[in-house]
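> how would this look folded up:
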Amino acid sequence: MRLMKVNGLEYWVYAAIDVDGNEVLSMRVFPSRNVLATKLFIEEVLKHCDGTPTFTVDSATWLTSVLKELGLRCNVESFRR
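Residues are numbered from 1 along each chain as shown. Down below sits the predicted model:
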């Protein structure tokens, strides 16, 4: 997830990348980052996956809670430097 500003408004960019296939699976822009946006995005990503993927996410509570609710595995990493 990445924050972008356009004309003074903030938007969050969600992206899912298949690291094995070096391919962008999905990318969406939302005006907020929350459980609803995350769930919509993850459900869209799952349409492009074979089997059950493991997600690598930061420690944002809405990310980990949605993945847990959907019964998906995740690795939590810090992406800030």
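
> which of the three states applies to the closest residue to residue 58 other than its chain neighbours?
Nearest in space to residue 58, with sequence neighbours left out and distances taken as Cβ to Cβ, 6 or more residues apart in numbering, is residue 79 at 5.3 Å. The way it works is simple: take the backbone N, C-alpha and C, and place the C-beta from them, glycine included. State at residue 79, reduced to three classes by DSSP: H, G, I helix; E, B strand; the rest coil: coil.

> surely residue 79 and residue 59 touch.
No. Checked against Cβ atoms under 8 Å, the pair residue 79 and residue 59 is beyond contact range at 9.7 Å.

> tell me the helix or strand right after the biggest helix by length in the chain.
In the chain, taking DSSP state H as the definition, the longest helix is helix 35-46. Where DSSP states H and E defines the elements, the next helix or strand beyond helix 35-46 is strand 54-57.

> show me what that following strand is packed up against.
In terms of contacts (3 or more Cβ pairs under 8 Å, 6 or more residues apart in numbering; DSSP states H and E), strand 54-57 is packed against helix 61-69, strand 73-76.

> just give me the neighbour total for the residue nearest to residue 58.
Number of residues near residue 79 (other Cβ atoms under 10 Å) recorded here: 10.

> per-residue pLDDT, it?
Listed pLDDT for residue 79 reads 71.
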